[in-house]
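1. Everything below, folded, please.
(chains A and B)
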Amino acid sequence: MAIASVAHTGPAAPPPVPPGRRRSLTPYLLLLPGIAWLTIFFVVPIVTLFGTSLQVPAEGGETGVFVQAFRFANYVDAVTEYWAQFSRSFVYAGIATVLALAIGYPLAYMIAFKAGKLRNLLLVLVVAPFFASFILRTIAWRQILADEGFVVSSLKWLHVIPQTATVTASAVAVVAGITYNFLPFMTLPLYASLERIDPRLLEAGSDLYGNGFTVFRKVTFPLSLPGVVAGTLLTFIPAAGDYVNAALLGRQPGTAMIGNVVESRFFRIVDYPTAASLSFVLMAAILVLVFLYIRKAGTEELV
Amino acid sequence: MSQSHRRPPLSPEAAQIVRAMQAGRLSRRSMLTGAGALGMGAFLAACSTSAPGATGSATGGAGTGTAPAGKPSPAVDTSDTDKVVNWANWTLYLDFDDKSKTYPTLEAFQKKTGIKATYSEDIEDNDSYYGKVQAQLKAGQDIGKDIIVLTDYMAARVIRQGLVQPLVESVMPNKTRILPNLAEVSYDQGRKQSLTWQSGYAGLAWNKAKVPGGLKNVSDLWKPELKGRVEVLSEWRDTLGLIMMEQGKRIDGKFADADFENALAVLEKQLNDGQIRQVKGNSYKEDLISEDALAVIGWSGDIFQLVAENGDKWDFAIPEAGGTLWSDNMLIPVGSPHAKNASTLMNYYYDPKVAAEVAAYVNYICPVQGAQAEMEKLDAELAKSKLIFPTAEDLSNVQVFYSLDPETETKYTEQFQKVLGN
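-> Numbering: from 1, shown residues only, chains lettered A, B, ... in the order given. All right, here's what the predicted structure looks like:
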């Protein structure tokens, strides 16, 4: 807007322009590093990826050799072949997001309003898992929840789970792993928006005879919505593309997510076009879902 | 075969870029600048993954190329001034001293030659390693490794695609010590570009306490009491190879698609029934330790190292119907500027004494003649081990998976991956 209006007044009065023109260039100069970064590290790879997704195998059938074509049917093939893994990814990511919200909201609420002196310590604890690689942490869960491990043996001894049950190598373990790994991404934005709420608004709520629940429903929750939107996006988007949890905690063939298929197509079968088209479809699907979600939830206060 | 096909010539700009990348003259940065000047189609073509055939015809189109011109050319060797060698290998594949946290034979090599050697356990499996490095290798770039170690079928692929360079045989007098049955391989006549690192078997391994009777055949893995506690290898040649042999088929020569599919059907059934817990690469070892897996299709040497490090809890056997025999091969990537240092290191490990030291640790089949005699001095017990020094009779019960053509390889891999849900 500001740029447009400056540009509009520009031609009308050329002589006194110098300071104005300099100002009109500033926004572009400020944008330059960002645009250059995005061009090199986003636009170029995405164009390359798109090109790859339309390639066809070269004659002779040498492994990993493809020639450029415009075979859009690659997309049709990819989706018809793998719609089950696509749906599974979105279902797992959806469940994990809801679970992370259910766990993360009370946690963030507690840290923001009730923690007192412990607040900083608790915040560090939320962030602490980032200090270790998430692959190592996921592998650690496999050891903790191993069939002969302490936890599972105790549960079996107490007859909480059947004697033959396994905790890891299951769909439940995959969803639990995703929830665990993305919980900090949910908690931190929730905390940020809860912490900013003016306590006087809550007092005003009680002064108006709202009980605790009503104040939460009418005041706290609506004011924390930006955090909810940010947290769910930060959880759902990477969760839908995740493949580590399914690879480490899942069981073939029933828990393969779309990330695992891309990995298999790219590395094992050496079928770059299908891997690229699957990536593109995943990107488009997430984009559509996020767009619909944001339209519904609103982004005015997302920052 | 990939050289024979032609594709439409690239635009002159794209061809120039491809040629320059070929010669390694173009940095990534100038590549981008150059690409900016091109049309979209030409840009896509320049970025296409088609190295050998495509670049061959691109140079051909410009009137300079001959048939082998499609492959990247080896980097200039700076070994004499730059005394380093970087080696990428698989896990638990070189003698390691827990106390000093060093590799004793490698330390000795550095002292002896003055070449600084860096060793990394970078290779988790053939496919993913190929996926990681192939694009750089096809562009003739240095991947930072001077020796990589790949199993037969993958060694065949990288040699066929020209992604490795010849060994510097003038510094390798020990090369002639290779076992006769490994000296000639179909994918590398005369072993000019590859040298066996270790060979080994895929067979059955089990937890002795939990599986008291042990395992004799692959079908023993499907016993009800092992439900959910069985793991098999993600290298499908090993897993399906063992199943095929159990079904009375041979895998060392061409077989019918139906034979492959029958074996795959067994795997699919056991996966869907929940008998098999997971299909894994090297990491099945962790599950044996945690006892999530009680019985596996695994690799001989792995199991003996597990026993050495974690106690005598596991045993290994080749199934009565036969096991697979594979070899891992040392190769020099095409972009490596240290081919001579790499060859010097390979030569060092073909000294029978050094080879015996490595074999005593890794427990795989030692490919070096004379190592058995050296092993007598080191550990008389191990010198009798049939898993390190097999006799002709031992080798009669194992088969090497035959070299598939690329199309069949892709087809089988795809079928296998689909059964895994991918």
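
2. Which positions in the stretch 151-300 of chain A make contact with chain B?
-> For the stretch 151-300 of chain A, the contact set with chain B under CB under 8 Å from any CB of the partner chain comprises A:164, A:166, A:168-169, A:251-256, A:260-261, A:263-272. For every residue, glycine as well, the C-beta is placed using N, CA and C.

3. Name only those of these that count as buried.
-> A:166, A:168-169, A:251-256, A:260-261, A:263-272 (16 or more other CB atoms under 10 Å in any protein chain shown).

4. Could you tell me which of the residues of the stretch 151-300 of chain A next to chain B belong to helices?
-> Members of those lying in helices (criterion: DSSP state H): A:N260, A:V261, A:E263, A:Y272.

5. so what's the third one closest to, chain neighbours aside?
-> Sequence neighbours aside, A:Y243 is the residue nearest to A:E263 in space, at 5.6 Å (criterion: CB to CB, 6 or more residues apart in numbering or on different chains).

6. For the one you found, which residues are in contact?
-> Contact partners of A:Y243, counting by CB atoms under 8 Å, 6 or more residues apart in numbering or on different chains, are A:M257, A:I258, A:G259, A:N260, A:V262, A:E263.

7. From the chain's centroid, how far away is the host helix or strand of A:F236?
-> For A:F236, the element it lies in under DSSP states H and E is helix A:221-241. What separates the centre of helix A:221-241 from the centre of its chain is 8 Å, taken as CA atoms, centre = their mean, to the nearest Å.

8. I'd like to know which elements the helix or strand following it is packed against.
-> Where DSSP H and E defines the elements, the next helix or strand beyond helix A:221-241 is helix A:244-249. Applying 3 or more CB pairs under 8 Å, 6 or more residues apart in numbering or on different chains; DSSP states H and E, one finds that helix A:244-249 contacts helix A:134-144, helix A:171-195, helix A:258-263.

9. buried stuff in the first one?
-> Taking 16+ other CB under 10 Å as the basis for neighbour counts, the residues of helix A:134-144 that come out buried are A:F134, A:T138, A:I139, A:W141, A:R142.

10. Just the angle for it relative to helix A:171-195, thanks.
-> 130 degrees (axes from the mean of the first three to the mean of the last three CA atoms, to 10 degrees).

11. Send over helix A:134-144 as CSV, restricted to the C-alpha atoms.
-> The C-alpha coordinates for helix A:134-144 follow below in CSV (Å, rounded to 0.1, in the frame of the first residue of the first chain):
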residue,chain,number,x,y,z
PHE,A,134,14.9,-36.4,17.7
ILE,A,135,16.0,-39.6,16.0
LEU,A,136,17.9,-40.6,19.0
ARG,A,137,15.0,-39.8,21.3
THR,A,138,12.7,-41.9,19.1
ILE,A,139,15.1,-44.8,19.2
ALA,A,140,15.3,-44.4,23.0
TRP,A,141,11.5,-44.9,23.1
ARG,A,142,12.0,-48.2,21.3
GLN,A,143,14.3,-49.3,24.0
ILE,A,144,12.1,-48.0,26.8
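
12. what is the mean pLDDT for that helix?
-> In this model, helix A:134-144 has a mean pLDDT of 90.

13. hmm, stretch A:55-63 touching chain B?
-> Yes - interface with chain B: stretch A:55-63 contributes A:Q55, A:A58, A:E59, A:G60, A:G61, A:E62, A:T63 (CB under 8 Å from any CB).

14. Can you show me the strands along chain A?
-> Using DSSP state E, the strands of chain A run over A:56-57, A:66-67.

15. so which of those strands is the most packed in?
-> When the strands of chain A are scored by mean count of other CB atoms under 10 Å in any protein chain shown, the highest mean neighbour count falls to strand A:66-67 (a mean of 20).

16. Let me know whether that strand sits next to chain B.
-> Yes - Strand A:66-67 is in contact with chain B by CB under 8 Å from any CB, via A:F66, A:V67.

17. still on that earlier bit, can you narrow the buried residues of helix A:134-144 to ones near chain B?
-> Restricting the buried residues of helix A:134-144 to those near chain B by CB under 8 Å from any CB leaves A:I139, A:R142.

18. Could I get the buried residue list for stretch A:80-88?
-> Of the residues in stretch A:80-88, those buried (16+ other CB under 10 Å) are A:Y82, A:Q85, A:F86, A:R88.

19. Tell me the secondary structure of the residue in chain B that chain A sits nearest to, please.
-> When scored by CB to the nearest CB, chain B has B:G421 as its residue closest to chain A, at 2.8 Å. Counting by DSSP: H, G, I helix; E, B strand; the rest coil, the backbone at B:G421 sits in coil.

20. Let me see the confidence value for residue 62.
-> Just going to use chain A. 86.

21. that's the wrong chain, I wanted chain B
-> On pLDDT, B:A62 comes in at 35.

22. and what of B:G200?
-> Predicted confidence (pLDDT) for B:G200: 92.

23. same check, this time on the one 5 residues further on
-> At B:A205, the pLDDT value in this model is 96.

24. Over to B:N422?
-> According to the prediction, B:N422 has pLDDT 88.

25. Please name the spatially closest residue to it (chain neighbours excluded).
-> A:S264 (3.5 Å).

26. roughly how far apart are the one you found and A:A173?
-> A:S264 is 20 Å from A:A173, where distance means CB to CB, to the nearest Å.

27. One more: A:L49?
-> With distances taken as CB to CB, A:L49 is found 31 Å from A:A173.

28. One more: A:F66?
-> According to CB to CB, A:F66 and A:A173 sit 36 Å apart.

29. Just want the angle from the helix holding A:F236 to helix A:171-195.
-> Angle, helix A:221-241 to helix A:171-195, by the same axes, to 10 degrees: 150 degrees.

30. what about the strands in the stretch 301-422 of chain B?
-> In the stretch 301-422 of chain B, strands defined by DSSP state E, counting those that start in this stretch lie at B:314-317, B:323-333, B:398-399, listed in chain order.

31. mean confidence score for the last one?
-> Average pLDDT, strand B:398-399: 91.

32. And chain B, what are its domain boundaries?
-> Per the record, chain B has its domains at B:12-70, B:84-194+B:330-360, B:200-325+B:402-419, by automatic domain parsing.

33. Skipping its backbone neighbours, what lies nearest A:D147 in space?
-> Leaving aside its sequence neighbours, A:D147 sits nearest to B:D292 (CB to CB, 6+ apart; 5.1 Å).

34. ok, that neighbour - contacts?
-> By CB under 8 Å, 6+ apart, the contact set of B:D292 is A:R142, A:A146, A:D147, A:E148, A:T166, A:T168, A:A169, B:R229, B:R277.

35. swap the cut-off to 7 Å and go again
-> A:A146, A:D147, A:T168, B:R277 (CB atoms under 7 Å, 6 or more residues apart in numbering or on different chains).

36. same question, A:T255
-> A:A171, A:V174, A:A246.

37. Thanks a lot, catch you later.
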